[in-house]
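Asks: Based on what follows, work out the 3D shape:
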Amino acid sequence: MTKDQSIKLFEDKKVRSLWDNEQEKWYISVVDVIEVLTESNRPRKYWSDLKRKLQAEGSELSEKIGQLKMQSSDGKFYKTEVADVEQLFRLIQSIPSPKAEPFKLWLSQLARERRVRKGQEFAILTDVITQTWSGMTTKEYKQHKGLKTESLRDNMTNLELVLNMLAEASTTEISKKKQPVTLVESTKVAKQGGSVAAAARQKLELESGEKVVSKLNAKKMKSISG
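Replies: Just a heads-up that it's a prediction; the model follows:
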C-alpha cells in the first residue's frame, strides 16, 4: 500500500490520517476521532468500552476496523486502529457528541479536497509530460495550433498522438517501478517518461528533416483530407 501520512486539524485538534493511493481512501485514527468528539482524557478507554458495547449489540463495525502504523506523540510509530470515512460515519452515530455533525462535514470536506488535489496534480503532470516530449507546455502547444477551448489531444496529428502515447506509456511503466508518492517524485517520473518520447521525436526529426509538432489542427486536417 502506497501511503501518504499527514496530520489533519479539526478545531485545532490533531487527527492522524493516512491516504491509501491504491484504495483511494483516507484511513483515520479512531482514537483521535474519539478524543475530538468526546474531549475525553482517556480516549483509548472510551474506545475500548465502546467496542465492547458494539459487540454486545451485534455490530460488526469494530471487527472490520484495521490497524496501520502511525506516528505517536513520542515520535515513534505504533500500530493504530484506523477507519475509513464510511466506517467513521457509522461509528459517529454511536458517540453522543455536539461535534458529531460538524465532524461529519469535516470528513466530507477532507474527501473532496483530496479529489480536487488529485485533479490538480494530474493537470500538472500532464503538462510536464507534454512539455518534456514536445518542447512546449500544454498552453503553448494549443496556441501553436490555434486552439482555445478545444482538446489538444483531439487536434494532434497521428505522429503527435503516437509520441504523446509513448510519453504517457513510458511514464506509467517507470511509475510502476519507482512508485512515486509525492508530487515532486511523480514530476521526476513524468519527465523521465516524457524524455523517452522526446528522444524518439528528435531522432525522427533528424532522419526526416521535418518537425513533428505542427500547426495542424483537426479543422485544418479535415480541410486537407477533404
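
Asks: Can you list the buried residues in the helix or strand where Ala111 lies?
Replies: Ala111 belongs to helix 100-134 when assigned by DSSP states H and E. Neighbour counts over helix 100-134 (16 or more other CB atoms under 10 Å) mark 103, 106-107, 110, 114, 125-134 as buried. Every C-beta, even on glycine, is put in place using the N, C-alpha and C of the backbone.

Asks: now that helix, how far from the centre of its chain.
Replies: Put simply, helix 100-134 sits 6 Å off its chain's centre (CA atoms, centre = their mean, to the nearest Å).

Asks: Likewise for stretch 145-155?
Replies: Distance of stretch 145-155 from the chain centroid (CA atoms, centre = their mean) equals 26 Å.

Asks: if we look at it, which residues are touching it?
Replies: Outside stretch 145-155, the residues within contact range by CB atoms under 8 Å, 6 or more residues apart in numbering are 130, 138, 141-142, 161, 164, 214-218.

Asks: could I get these as CSV with secondary structure?
Replies: Shown next, in CSV, are those (DSSP: H, G, I helix; E, B strand; the rest coil):
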residue, secondary structure
Thr130, helix
Thr138, helix
Tyr141, helix
Lys142, helix
Leu161, helix
Asn164, helix
Ser214, coil
Lys215, coil
Leu216, coil
Asn217, coil
Ala218, helix
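
Asks: neighbour-wise, which of those leads?
Replies: Thr130 (25 neighbours; other CB atoms under 10 Å).

Asks: about what we covered before: for the buried residues of helix 100-134, point out the one with the lowest pLDDT.
Replies: Among the buried residues of helix 100-134, Arg114 has the lowest pLDDT, at 70.

Asks: Test my guess that that one contacts Leu18.
Replies: No. Using CB atoms under 8 Å, Arg114 is not in contact with Leu18, being 11.8 Å away.
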